[in-house]
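1. Attaching a predicted model along with its sequence, questions to come.
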Amino acid sequence: MNHFPIFLNTSGRRIVLSGGGDAAMAKLRLLMKTTANITVFALKAAPEIEGWAEAGKLTLIARAMEPGDAMCAALFYAADEDATEDKRTAAIAHADGALVNIVDNLADSQFITPAIVDRDPVTIAIGTEGAAPVLARAIKADLEERLPTGLGTLAAIGKAFRKAADALPFGRARRDFWRDYYFNAGPKAIANGVEAVQPALDDLLADHLLKDTRKGHVAFVGAGPGDPELLTLKARKALDEADVVIYDRLISSEILELARREATMIDVGKEAFGPSTPQETINDLIVEHGAKGAQVVRLKSGDATVFGRLDEEIDAVTDAGLEWHIVPGITSASAAVASIGQSLTKRGRNTSVRFLTGHDMTGFADHDWKALANPGEVAAVYMGKKSARFIQGRLLMHGIAPDTPVTVIENASRADQRVLSTTVAEMEPTISEAQMNGPALTFIGLAPRAAQAALPHVPTVQSTPLTAQEAR
Ligand code: SAH
């Protein structure tokens, strides 16, 4: 780092600038944000600069700079856009003792002016040591977009509130309060006008003082199969209120973005057959944060109650004496069946549907294969890719019709969703060959609606017409 960033107190100090054109104006627009006394030397000044002089924002002296003109100045800008004149004025200012900047001449400048994001009193200076002005501008644009425009006002009001907020214990509690103010309650309040900010601060403090004694709570939230629009409103609300979000590998980034910006996000991704966070560690994490008084969201893919080891987590939370509740989500079987235009149950075809797991703690999971081999049966197999050959073997052994449809839906509800339509006879090696890397759900006994007609074995039992009672 050659250029060390500091914030210079310009209040009541002199800043001198030589030049009257575009470069001068660009710098003056920035400098006029300060409380410095600005003096401009220019033989010929743009009308804007004359206007600023008339408005008392700066002093305009209509002549070229002379020795002594930058006396006692804190900063000097050579902005004549003329190398010879810039060199001359810079030498004068240097002799007068001012720090010198020559516009667009990094090498001969003693300081550079950063790109500035102004939310006075919050000021962000971005510098690249002159290496990449485009990058500095891009970062500036990004920050401008991200920081609420009222942030400065919020900071000014917040400053006056610091004493009151000291009622909160030092450390985390106080930090949480201020974060909540600047990024949540504050921006919301200021949308209703500046007058709304003070009452919002009072409410927020009361809330946080209470929160300090509030017990932690754990919400086990189903995040659905991936499409953020398949989140329930309750899940969104829980994410909105969470202090800590502990999430699984399958949770899509779009959903994580919905959490409060200041929430602590903890990835406890568990990969089947791969590296994973042990369940005990996950339990401990949930309890640790809950015990600290946090509102914890334990975010699980699909529905938290389906193959989610939910009960182990509930036991841990209950043992720790914490309160909890479950927010149901859309399980991947629901999203997958929707994507192939089918029903999970159908009159005359299947009066029940099974949710199976391909593997359990002991390996490939065993099921009632005989019942599953019956015509018309429908089963949704979770975590079924690796066990496809095992399932195929068991079903054939128990006499399932080999042309029974099998459909695998990978990344259901996501942009990269894929549907593989096959039969029990061919499911392996078809599934392995398809090399599906995303989460996939396998339906036994269901074909995509469009492909159904071509498959002879899907029972097309014509049910008797519904009675009015049943149809209801
Ligand atoms: N609780 C989850 C299931 C967790 S087990 C639920 O209700 O959906 C993880 C398995 O769920 C994956 O191996 C896969 O079989 C299935 N799964 C999760 N998300 C999926 C998706 N978007 N598309 C297809 N299958 C998915």
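-> On my side now, so go ahead.
2. The helix or strand harbouring residue 158: which residues count as buried?
-> In this structure, residue 158 is located in helix 151-165 according to DSSP states H and E. Within helix 151-165, the residues that count as buried by 16 or more other CB atoms under 10 Å are 151-155, 157-158, 161, 165. Backbone N, C-alpha and C define where each C-beta goes, glycine included.
3. How about stretch 182-195?
-> Judged by neighbour count using 16+ other CB under 10 Å, the buried positions of stretch 182-195 are 182-187, 189-190.
4. Which one of the residues you listed is nearest to the ligand?
-> Minimum separation from the ligand among the buried residues of stretch 182-195 (CB to the nearest ligand atom) is found for residue 184, which lies at 29.6 Å.
5. OK, contacts around the nearest residue in space to the closest one that is not next to it in sequence?
-> Closest residue in space to residue 184, ignoring its immediate chain neighbours: residue 260 at 6.6 Å, by CB to CB, 6 or more residues apart in numbering. Contacts of residue 260 were listed using CB atoms under 8 Å, 6 or more residues apart in numbering, and they are 183-184, 239-242.
6. Residue 407 - that's part of a helix, no?
-> No: per DSSP: H, G, I helix; E, B strand; the rest coil, residue 407 lies outside any helix segment and is strand.
7. mind checking how far it is from residue 101?
-> Separation of residue 407 from residue 101 (CB to CB, to the nearest Å): 68 Å.
8. so of the buried residues of stretch 182-195, which ones are in helices?
-> Among the buried residues of stretch 182-195, DSSP state H puts 186-187, 189-190 in helices.
9. follow-up on the earlier one: which pair in the buried residues of helix 151-165 spans the largest distance?
-> Checked with CB to CB, those reach their widest spread between 152 and 165, with 18.6 Å between them.
10. in the sheet, who's paired with the closest residue to residue 350 other than its chain neighbours?
-> Counting by CB to CB, 6+ apart, the nearest residue to residue 350 once its immediate chain neighbours are dropped is residue 378, at 4.7 Å. With beta bridges defined as DSSP bridges, residue 378 has these partners: residue 353.
11. and if you look at residue 409?
-> When assigned by DSSP bridges, residue 409 has beta-bridge partners residue 419, residue 441.
12. Next one: whichever residue of the stretch 1-150 of the chain sits closest to the ligand from residue 122, what distance?
-> Among the residues of the stretch 1-150 of the chain, residue 146 lies closest to the ligand, at 29.9 Å counting by CB to the nearest ligand atom. For residue 146, the distance to residue 122 under the criterion CB to CB works out to 12 Å.
13. These two: which has the busier surroundings?
-> Here residue 146 and residue 122 are compared on neighbour count by other CB atoms under 10 Å; more neighbours surround residue 122, at 14 against 10.
14. State the phi and psi torsions of the more buried one.
-> Main-chain torsions, residue 122, degrees, to the nearest 10: phi -90, psi 120.
15. Over to residue 90?
-> phi -60, psi -40.
16. Can you name the residues that contact residue 183?
-> Taking CB under 8 Å, 6+ apart, one finds 260-262 in contact with residue 183.
17. of all of the stretch 151-300 of the chain, which residue lies closest to the ligand?
-> residue 225 (3.7 Å).
18. could you check the distance from the closest residue to that residue other than its chain neighbours over to residue 415?
-> With CB to CB, 6+ apart as the measure, residue 335 is the residue that lies nearest to residue 225, at 3.9 Å, once sequence neighbours are left out. From residue 335 over to residue 415 the distance is 13 Å, taken as CB to CB.
19. Same question for residue 80.
-> Applying CB to CB, one obtains 55 Å for the distance of residue 80 from residue 415.
20. neighbour count winner among the two?
-> Each of residue 80 and residue 415 has its neighbours counted (other CB under 10 Å); residue 80 has more, 27 against 9.
21. Is it correct that that one is in contact with residue 19?
-> Yes: contact criterion CB atoms under 8 Å: residue 80 and residue 19 qualify, at 4.4 Å.
22. before we move on, the earlier item: quick one, phi psi at the residue of the stretch 1-150 of the chain closest to the ligand?
-> phi -80, psi -30.
23. Next: residue 298.
-> Geometry field for residue 298 lists phi and psi as phi -100, psi 100, criterion degrees, to the nearest 10.
24. Assess the claim that it and residue 304 are in contact.
-> Yes: counting by CB under 8 Å, residue 298 does reach residue 304; the two are 7.5 Å apart.
25. Residues in contact with both of these two, list them for me.
-> Once CB under 8 Å, 6+ apart is applied, the residues that residue 298 and residue 304 both contact turn out to be 220-221.
26. Which one's more surrounded, the two?
-> residue 298 (32 against 26).
27. List the residues that contact residue 297.
-> Remark: with contacts taken as CB under 8 Å, 6+ apart, residue 297 is in contact with 218-219, 221, 238-239, 242, 244-246, 259.
28. repeat for residue 125
-> 5, 7, 114-116.
29. How about residue 340?
-> 407, 409, 419, 443, 446-449.
30. circling back to that earlier point, quickly check the contacts of residue 125 for the two that are furthest apart.
-> Greatest spatial distance in those: 7 and 115, 14.7 Å, computed using CB to CB.
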